[in-house]
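Trainee: With the input below, show me the fold.
(3 chains)
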Amino acid sequence: MALIKVIQKYFSNIFISIVRQNNEWVINSKVVRNGTIRDKFSENFASSNHDSVPSNMKKYLDKLQTDYNFAYITIFLDSMGQGAINGTTATDFAKNSVDMKSVTHLSIDNSWSVYASFIDLNWIKKLFKDSGIDFIYSPFMIQNNLIKKQKLKEKPTLYLLNHNDSVTISIFENGKLLFGAYFQTTTDHNIGEEEEDWENESEEEGLDDLIELDTMGDDIGGIDELDDLSELDDLSSDEGSNSFEDISEKDTDLGHFQSDSSEEDSNLELFGRDLLIYKYLTSSLKEFYQNPLYKSSFIETIVIHDGYEVSSELIEMIENDLFMDIEMNKVNICEIVCDMSINEGLK
Amino acid sequence: MRNSFIIPRKKYLFSMFTKVWLIFIISIVVLLNVFNLFVVYKNSDYIETAVKTKNERIKLEKEIDDIDEKIGFILRQKAVAEEIYANNTILKDSMKNLFDLVPDQITLNKIIMKKDSLIIYGVTPTKDTYDFLLAAPLKSIFHTSEAIFYLTDSGWFNFVSTNKIINPEGSE
Amino acid sequence: MDKSMEKVDIIKLLLYLLIFIVVSLFMILIVIVPNIKEYRVSKSVYKKAFVHKMRVQNVLTDRDNELRDLSAKNRRAINSFVHKFSTDNFIKYAGKFFNEVSLVEVEKKEYKKEFIEYELRVSSSLKSPTNFYKFLEGLNRYENIIQADFPIKMESNESKISSAFTIKVYDINATK
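Mentor: Residues are numbered from 1 along each chain as shown, chains lettered A, B, ... in the order given. Sure thing, here's the model as predicted:
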């Protein structure tokens, strides 16, 4: 009823965002009333198992929902079966090898679409069936939100959203998405997926494919550096602790590392992860340049929204090897999800 | 559904608990009100009917008065008629008495009867006949009784008997 | 999820219970009870009026019956009162008993408002006055209310008796 919407903003509304990172559920809550934020708090729940919700977390969510009359629960969707494509029609979906009939999709700005498979959506709905869900956000929508907040870049730019467990890469030109790719960086997700034509899926299958990339066409400047990829491994072992000094002060609050590892180890792991990111990045670029499906133009800038950590090495690699300008932004994904849900719930 | 894949759940201002209680309380209030209205209606109905009944009763009382009047009228008429009838009967009886009174020997020529006097003109063979046979009864009926005799050629007497009854209130 | 029906919030429950009790009590005491009192009063008022009317109605029925009774019993007299006096009829009646009947209206001697006075002169060929008796008797059953009155004159001529007496005819119009 529209009447409820009018009255609602005068009451306390609680917006709860649930983001999974590092074997943990991070729950950020903001209480909004009369347009102002009255309270905010956050709670973490350890859970090694991605398939279930810990009972104390259920109790926590129940308590919040009984305390507040108007509660919105938002989930950050981090499952594999999602992506974004340019275009909004059935032909566009077919061109990108996405089965339109088995996904839920949103048309953004009448020019591009975000999608997620029914299986994944139903899975997450089932997971939270006791508490209920109001919003499910794709990382691409997070990116879109961040992009819209900044100055519009006419030239095609690559945006990278870095999260604990995933990396979202999209190429925008003039505020419209040309290419989108989503990668998971942890492998503790185990959903029984059907065999579908995901370009993402193929890229997730480890570094084996990267070897293929070496054999791809060579008129793209940055990709030549892939030949040197093997050198990078040497690099990591050669450099030792010097280059990691900047990162050494970083907090080892990263869930999927063993807690008492030495800083060096953690930095190593970080770099290892960054390497993965780099590989994803380069493969995405390659895909973008080579695949005739995408209108290719040279990408000069990369904007990184970092919700986790990136090492300086990665930045150097991107600058030097890929000849791209980098803009770094630190973001709090949990908070962004929460804020987005506030806007959507009270609009 | 601008940013999210799903639409949010419906939000209610009142929880089910509150709604149940509200509905319960409101129903009770409504019920009590209905009952109250019923009572109020009955009240006004009674008062109205009582007033109507009172008016009807007054009409009936007036009818009774009318009937009483008519009854009185009839009774009066009845009394008048009966008096008249009685008077007629008395008159007849008096006449009868009078004529019975007259013996065969005496012949009457004229009788003038008034309210309290009786004048008889007649013929009698002898005075004594009159005296014995007529005068005595007359005297017993009337207060005064006189007779004047006239001798006729045949030897009988014409007499005029005047008899009066004295009324205390006045006569004739 | 609206779990409000599963976990009972005691405070809310008690609060609603309190509201319910207050509201109900208020309604009953302030609204209903006075009306119930009024109801009793109005009902008794009605009942009294009704009983009163019933009594009066009974009286009316009795009186009505009385009236009917009287009317029936005194029909003849009542009709005789209102019947218009016709001299012809009376002469005819008198003619049954007498010969040579004549009726003359006479001025009222006294103030007897209800009557018109006539003088009736008759002659009868019979020597005995029996028809007088019959005439007088029949007068009580005549179609008008008539009183025979003094003075009465009777005279015996050769073969008949002439008499004159006053007839008072009750005239209902005279009293109006």
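Trainee: number of nearby residues for residue C:84?
Mentor: 10 (other CB atoms under 10 Å in any protein chain shown). The way it works is simple: take the backbone N, C-alpha and C, and place the C-beta from them, glycine included.
Trainee: just checking, it is part of a helix?
Mentor: No. Counting by DSSP: H, G, I helix; E, B strand; the rest coil, one finds residue C:84 to be coil, located in no helix.
Trainee: so what pLDDT did it get?
Mentor: With respect to pLDDT, residue C:84 has a value of 79.
Trainee: Distance-wise, check it relative to residue C:78.
Mentor: Separation of residue C:84 from residue C:78 (CB to CB, to the nearest Å) stands at 14 Å.
Trainee: What of residue B:86?
Mentor: From residue B:86 to residue C:78 the distance is 18 Å (CB to CB).
Trainee: okay, the two: which has more neighbours?
Mentor: Shown here are residue B:86 and residue C:78; by other CB under 10 Å, residue C:78 has more neighbours (19 against 12).
Trainee: what's near enough to touch that one?
Mentor: B:74, B:77, C:71 (CB atoms under 8 Å, 6 or more residues apart in numbering or on different chains).
Trainee: Check the residues you listed for the minimum pLDDT and say which it is.
Mentor: Within these, pLDDT is lowest for residue B:77, at 83.
Trainee: Now for chain B: which helix has the highest residue count?
Mentor: helix B:16-101 (DSSP state H).
Trainee: And the closest residue to residue A:112 other than its chain neighbours, what's its pLDDT?
Mentor: Leaving out its chain neighbours, the residue that sits closest to residue A:112 by CB to CB, 6 or more residues apart in numbering or on different chains is residue A:177, at 3.9 Å. Looking at residue A:177, its pLDDT is 91.
Trainee: ok, residue A:177 - contacts?
Mentor: Applying CB under 8 Å, 6+ apart, the residues near residue A:177 are A:84-86, A:108, A:111-112, A:140, A:144, A:170-171.
Trainee: quick one: buried residues of stretch A:38-46?
Mentor: residue A:45 (16 or more other CB atoms under 10 Å in any protein chain shown).
Trainee: and the residue of chain A positioned farthest from its centre, how far is that from chain C?
Mentor: Distance from the C-alpha centroid of chain A, by CA atoms, centre = their mean, peaks at residue A:3 (36.2 Å). Taking CB to the nearest CB, to the nearest Å as the measure, residue A:3 falls 19 Å from chain C.
Trainee: And the next helix or strand past the helix or strand of chain C with the lowest mean pLDDT?
Mentor: Counting by mean pLDDT, DSSP states H and E, the weakest-scoring helix or strand in chain C turns out to be strand C:115-124, with a mean of 66. Scanning forward in sequence from strand C:115-124 by DSSP states H and E, the next helix or strand is helix C:130-139.
Trainee: That following helix near chain B anywhere?
Mentor: Yes. Using CB under 8 Å from any CB of the partner chain, we find that helix C:130-139 touches chain B at C:132-133, C:136-137, C:139.
Trainee: mind listing what's buried in that helix?
Mentor: Residues C:131-133, C:135-136, C:139 are the ones in helix C:130-139 that count as buried (16+ other CB under 10 Å).
Trainee: immediately after it, which helix or strand?
Mentor: Assigned by DSSP H and E, the successor of helix C:130-139 is strand C:146-156.
Trainee: Quick check: residue B:18 vs residue C:12, distance?
Mentor: Per CB to CB, residue B:18 is found 8 Å from residue C:12.
Trainee: Please read the previous query as pertaining to residue A:127.
Mentor: 30 Å.
Trainee: and the contacts of residue C:78, which are buried?
Mentor: Applying 16+ other CB under 10 Å to those, the neighbour count classes B:74, B:77 as buried.
Trainee: Identify, from the contacts of residue C:78, the entry nearest to chain A.
Mentor: Distances from chain A to the contacts of residue C:78, taken as CB to the nearest CB, are shortest for residue C:71 (81.0 Å).
Trainee: Please list all residues in contact with the closest one.
Mentor: Here residue C:71 is in contact with B:74, C:78 (CB under 8 Å, 6+ apart).
Trainee: Report the secondary structure state of it.
Mentor: Going by three-state DSSP: residue C:71 is helix.
Trainee: and the helix or strand where residue A:37 lies, how far from the chain's centre?
Mentor: Assessed by DSSP H and E, residue A:37 sits inside strand A:36-46. The chain centroid and the centroid of strand A:36-46 are separated by 21 Å under CA atoms, centre = their mean, to the nearest Å.
Trainee: helix or strand right after that strand?
Mentor: Strand A:36-46 is succeeded, C-terminally, by helix A:55-67 (DSSP H and E).
Trainee: relative to strand A:36-46, how tilted is that next one?
Mentor: For helix A:55-67 against strand A:36-46, the angle by axes from the mean of the first three to the mean of the last three CA atoms, to 10 degrees is 160 degrees.
Trainee: quick one: buried residues of helix A:55-67?
Mentor: Here helix A:55-67 shows A:57, A:60-62, A:64-66 as buried, counting by 16+ other CB under 10 Å.
Trainee: same check, this time on stretch A:317-326
Mentor: Buried-residue list, stretch A:317-326, by 16+ other CB under 10 Å: A:317-318, A:321-322, A:324, A:326.
Trainee: so how far is the first residue of it from its last?
Mentor: 11 Å (CA to CA, to the nearest Å).
Trainee: tell me the mean pLDDT over it?
Mentor: 85.
Trainee: Looking at the buried residues of stretch A:317-326, which two lie furthest apart in space?
Mentor: Greatest spacing in the buried residues of stretch A:317-326, by CB to CB: A:321 and A:326 (12.0 Å).
Trainee: what's the closest of the buried residues of helix A:55-67 to residue B:160?
Mentor: The closest of those, once distances to residue B:160 are taken by CB to CB, is residue A:66, at 140.7 Å.
Trainee: Relative to chain B, how far out is that closest one?
Mentor: 9 Å.
Trainee: so that residue makes contact with residue C:7?
Mentor: Yes. If you go by CB atoms under 8 Å, residue A:66 and residue C:7 touch, sitting 7.3 Å apart.
Trainee: so what pLDDT did the residue of the stretch 201-347 of chain A found nearest chain C get?
Mentor: Nearest to chain C in the stretch 201-347 of chain A, going by CB to the nearest CB, is residue A:345, at a distance of 16.5 Å. Here, the pLDDT recorded for residue A:345 equals 88.
Trainee: ok, it - contacts?
Mentor: So residue A:345 contacts A:13, A:15, A:72, A:134-135, B:8 (CB under 8 Å, 6+ apart).
Trainee: for those, which one is nearest chain C?
Mentor: residue A:134 (11.1 Å).
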